[in-house]
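Engineer: please find the sequence and the predicted model below.
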2 protein chains.
Amino acid sequence: MELLESLVCIDKNLQVPVYLQVANEVICSIRKGILKPGVALPGSRVLAQSLNVHRKTVVAAYDELYAQSWVDVLPRKGIFVAKNLPNIAPRALTEAPHPVGFARKTLYDVDDTRIICQDMFVAPPEGNLVFNNGSPDTRIAPLELMIREYRRLASQKFNTKYLMYGPEQGSENLRIELAKFFSETRGMHVTADNIIITKGVQMALYIISQVLLNKGDTVIVGDPGYSMANEVFIQAGAQIATVPVDEFGINLDAVEEICKKQPIRMLFVIPHHHQPTTVTLCSERRMRLLELAKTYKFAIIEDDYDYDFHYASSPILPLASADDYGSVIYVGSFCKTIASGLRIGFMIAPQNLIDQATRLRRLIDRQGEQLLEEAMANLLKNGDIGRHLKKANKLYHERRDVLCHLLKEKLGDDVSFNIPNGGFAVWMEYKNGIDRLKVTQRAAEMGLTIGSGCEHYNDPLVRHNFVRLGFASMNVKELEEAVDILARAIKKVRGE
Amino acid sequence: MELLESLVCIDKNLQVPVYLQVANEVICSIRKGILKPGVALPGSRVLAQSLNVHRKTVVAAYDELYAQSWVDVLPRKGIFVAKNLPNIAPRALTEAPHPVGFARKTLYDVDDTRIICQDMFVAPPEGNLVFNNGSPDTRIAPLELMIREYRRLASQKFNTKYLMYGPEQGSENLRIELAKFFSETRGMHVTADNIIITKGVQMALYIISQVLLNKGDTVIVGDPGYSMANEVFIQAGAQIATVPVDEFGINLDAVEEICKKQPIRMLFVIPHHHQPTTVTLCSERRMRLLELAKTYKFAIIEDDYDYDFHYASSPILPLASADDYGSVIYVGSFCKTIASGLRIGFMIAPQNLIDQATRLRRLIDRQGEQLLEEAMANLLKNGDIGRHLKKANKLYHERRDVLCHLLKEKLGDDVSFNIPNGGFAVWMEYKNGIDRLKVTQRAAEMGLTIGSGCEHYNDPLVRHNFVRLGFASMNVKELEEAVDILARAIKKVRGE
């Protein structure tokens, strides 16, 4: 039975024991129908010799095959491929795209257009400077403090608690600390029961949409706006109704206009520094928006992700702090406070919505990272987050000033922008017929990546000449280099 | 204007600066309609005196109010509540349930029955021994090694890469290491492109369901089975069709019967140690299941979460390792390898499904924890995970033997069970008319929590007398104590 020897291929460098390699290759051959039910296998001595392994190895392989019911052992007769296996016709190896691998395509039907998310992550080339969409500087993130907390929490005393399953709503300690933090910094008087911890703002938006939206519901958003939010609403079956955005935020006359014509389920607003234009929703509009929500009974999602980064004055208190009727769902995150990659955010709402959100959270991924949540609770409690916010605020304030100064000085009237009151980015328009896409391309050739690839306008075909330049993640020297490249790129485009 | 003084309440112990407290209280009063547009505010000197603060504090508060457009400053006249604010009628404070707090219920409509998840987390009482549903022992988890990796990854060199946004599909390093690991341990020849990293098996099941299931689709599951999976399928709009489970796994005659009658979209199977009965799907049925999937073109979700914990023999190679047609979606996790609370799992499938899954992942929460994923990649690469698995396997094997021995010795013919081939739990039936619910209650009174609260049968009203006793998270001494309590609880119930 030389077939078997030719089928079995051993690699002594693998971590898998040799006996198991032998057994697994036999199983593959049985499954493929090459070794048919009832066929005799060679004796262990013979096989050991031809495979050049110890006889005990083959005996162990056969024991394994017997334990897994792939072979029958008949006393004084020998070992045979088990008879009760379905008789599979042998197939040519070429029939499947990979011999023992994975098919390229599912046999069952998959609708390739079902999930519409367009803006997928693209890594910038290694070593490039990046004007991202507005991310914090991870180099100043308080990681040493986080790891100190991890170490403490991983100790025997805590680990049976925080490494087992935990509450779907998120760490109770963190929710209690957040309730205090929101009371002190945002004038919001909520309890831990009003809060669910999420993986960033993104998961909060996803959960809200899945719990509240039905097919055909209308969601009002600003245009230009935050495409990642729009995609979540659309995925949940909703229709987007857009309203213009001016220097005081979204246009509420337009909102009221829509409300008068049709039922509105939800309105999405980033009141502090609108994505992408960075404008702040003024106090007057905030109050009117709350009145509209009360009159027309829609939910307001208030995405206040950059509340803690406001440079011109203190930030305006959230809509949620003045909402007596239960209209506002307040979402935010620490992804901008510390690092985009540390996925931790929150959603605050009346308890009937939090209850539904918590149940959905269990179905989605059961719970968050307890170690991360507990660490964050402690950093909040002992003031580390507060100190980091102060430090970061000062730094980003300075970087905003440096970038705006550089843009004015180096690009002159080729560009136009307003200095943002806060946040992480400048919304800039190219003038004098300079084409943004061409500049982005030229800059990329010179080692500067501009933009995250996000679409800002609801209609991706709309013609505009804006870019969003994140300044927070670059230090002064890097900002100087980046604007320098930008200036040269513009010069090249003008010369074309 | 003594009203203002009475409205403003200062707490010098808060972290919020006093000037901001003053400003915020004024804003609240304006919003509530207590301070109406056009009303004059007291001069800074007067207000400072009556609030007993420095005059500069009040000036700063007024500057803040002006910056936020809540007040008009009229030269030589004074400071007035801004005129362009909507004229809100003053409301009695009792009108809202919390003065500046959160409504108890949303003003917009929330369907409280939309998300049906029933089995929510309940923490066992502090200090109790726990027969959980089958969790690993977090006390032996390689946390020191994880934290060593965190520290390395958090260093300047890596942190701009791993703390920024990253790929939705999960760490490429981890996917490469997993592909190797699956090839060596499971005979699966997949590439990193076939893998998406998820937050445990739960998120894999959720994503698959949302991408593949339409309202009214049928999913076949074993009964008794894994209720958390069933709930995900139902939430996605599917109908559950149940098949019986015997000592060799799910009944494939029953599966074929259903397939002949109606289209089947998906079948869910835990081939190694079926939840909850712990039986292993035998080789013959595995091959037949693949044939059925090919014939009737349904997707098989193979949840192989405890592949690495098989004590009787080496584990049987996954269905996915013999799937040439793209029928199988292979899911698993490290939640059982290391700790239930470390949420990291994987889903392996043909690329067309992985593409849709990746897009949905972005909408749900954008990406996983890169630090955790990169740390896991390194632990896999340098063999730490392999070493931990060997150690844990030996320990859990011993604990299984100890528990089974104790149950036989102490409970005798009051209970009946088969020794599981692997996994983390024993499926035990009470005999002699002993009521499982009563035993659970008595045991709880004596400091032993039994069960996770999960329903095991599709019909929660089905009468059965089984419990699932997780043994992996207790050491020998704890197992002895636990069985001791169990024996006393049974005695009490018998005496009732």
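Structural biologist: In hand now; what should we look at?

Engineer: and A:N352, backbone torsions?
Structural biologist: Dihedral pair for A:N352: phi -70, psi -30, per degrees, to the nearest 10.

Engineer: what's near enough to touch it?
Structural biologist: The neighbours of A:N352, taking Cβ atoms under 8 Å, 6 or more residues apart in numbering or on different chains as the test, are B:104-106, B:110, B:112. For glycine as for every other residue, the C-beta is placed from the backbone atoms N, C-alpha and C.

Engineer: just the buried ones among the residues you listed, please.
Structural biologist: Taking 16 or more other Cβ atoms under 10 Å in any protein chain shown as the criterion, what is buried in the contacts of A:N352 is B:106, B:110.

Engineer: pick out the lowest-pLDDT one from the contacts of A:N352.
Structural biologist: Model confidence across these bottoms out at B:R104, which has 87.

Engineer: which residues does it contact?
Structural biologist: A:326, A:350-352, B:97.

Engineer: are any of the residues you listed buried, and which?
Structural biologist: The neighbour count (16+ other Cβ under 10 Å) marks A:326, A:350-352 as buried among the contacts of B:R104.

Engineer: from those, which two are the most distant?
Structural biologist: Greatest spatial distance among the buried ones among the contacts of B:R104 (Cβ to Cβ): A:G326 and A:Q351, at 9.6 Å.

Engineer: anything in contact with each of the two?
Structural biologist: Residues touching both A:G326 and A:Q351 (Cβ under 8 Å, 6+ apart) are B:104-105.

Engineer: and the closest residue in space to A:D63 that isn't next to it in sequence, how far from B:Y307?
Structural biologist: Nearest residue to A:D63 in three dimensions, chain neighbours excluded: B:S313, at 7.9 Å (Cβ to Cβ, 6 or more residues apart in numbering or on different chains). According to Cβ to Cβ, to the nearest Å, B:S313 and B:Y307 sit 13 Å apart.

Engineer: one more: A:S333?
Structural biologist: If you go by Cβ to Cβ, the gap between A:S333 and B:Y307 works out to 35 Å.

Engineer: just A:D306 next, same as before
Structural biologist: Distance check for A:D306 against B:Y307: by Cβ to Cβ, it reads 44 Å.

Engineer: A:N421 now?
Structural biologist: A:N421 sits at a distance of 54 Å from B:Y307 (criterion: Cβ to Cβ).

Engineer: more neighbours: the two, which one.
Structural biologist: Neighbour comparison, A:N421 and B:Y307: the larger count goes to B:Y307, with 24 against 19 (by other Cβ atoms under 10 Å in any protein chain shown).

Engineer: ok, the more buried one - contacts?
Structural biologist: Residues near B:Y307 by Cβ under 8 Å, 6+ apart: B:185-186, B:272, B:315, B:318, B:332.

Engineer: JSON lines please, covering these and showing secondary structure.
Structural biologist: Formatted as JSON lines, the contacts of B:Y307 follow (DSSP: H, G, I helix; E, B strand; the rest coil):
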{"residue": "B:T185", "secondary structure": "helix"}
{"residue": "B:R186", "secondary structure": "helix"}
{"residue": "B:H272", "secondary structure": "coil"}
{"residue": "B:P315", "secondary structure": "coil"}
{"residue": "B:P318", "secondary structure": "coil"}
{"residue": "B:G332", "secondary structure": "strand"}
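
Engineer: now these in TSV, with distance to chain A, neighbour count and pLDDT?
Structural biologist: Formatted as TSV, the contacts of B:Y307 follow (distance: Cβ to the nearest Cβ, whole Å; neighbours: other Cβ atoms under 10 Å in any protein chain shown; pLDDT from 0 to 100):
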residue	distance to chain A	neighbour count	pLDDT
B:T185	7	21	86
B:R186	9	23	88
B:H272	12	28	92
B:P315	8	22	84
B:P318	11	23	93
B:G332	15	28	96
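
Engineer: and these as JSON lines, adding distance to B:E168?
Structural biologist: Shown next, in JSON lines, are the contacts of B:Y307 (distance: Cβ to Cβ, whole Å):
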{"residue": "B:T185", "distance to B:E168": "26"}
{"residue": "B:R186", "distance to B:E168": "25"}
{"residue": "B:H272", "distance to B:E168": "29"}
{"residue": "B:P315", "distance to B:E168": "31"}
{"residue": "B:P318", "distance to B:E168": "25"}
{"residue": "B:G332", "distance to B:E168": "20"}
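
Engineer: looking at these, which is nearest A:E231?
Structural biologist: B:G332 (29.3 Å).

Engineer: A:K261 and chain B: what is the separation?
Structural biologist: 18 Å (Cβ to the nearest Cβ, to the nearest Å).

Engineer: how about A:C117?
Structural biologist: According to Cβ to the nearest Cβ, A:C117 and chain B sit 4 Å apart.

Engineer: report how many residues lie close to that residue.
Structural biologist: The number of residues packed near A:C117 is 20, by other Cβ under 10 Å.

Engineer: same deal with A:T218?
Structural biologist: So A:T218, with other Cβ under 10 Å, has 20 neighbours.

Engineer: how about A:V255?
Structural biologist: For A:V255, using other Cβ under 10 Å, the count is 24.

Engineer: ranges for the helices of the stretch 301-450 of chain A?
Structural biologist: Along the stretch 301-450 of chain A, counting by DSSP state H, counting those that start in this stretch, helices occupy A:351-365, A:370-381, A:384-406, A:436-445.
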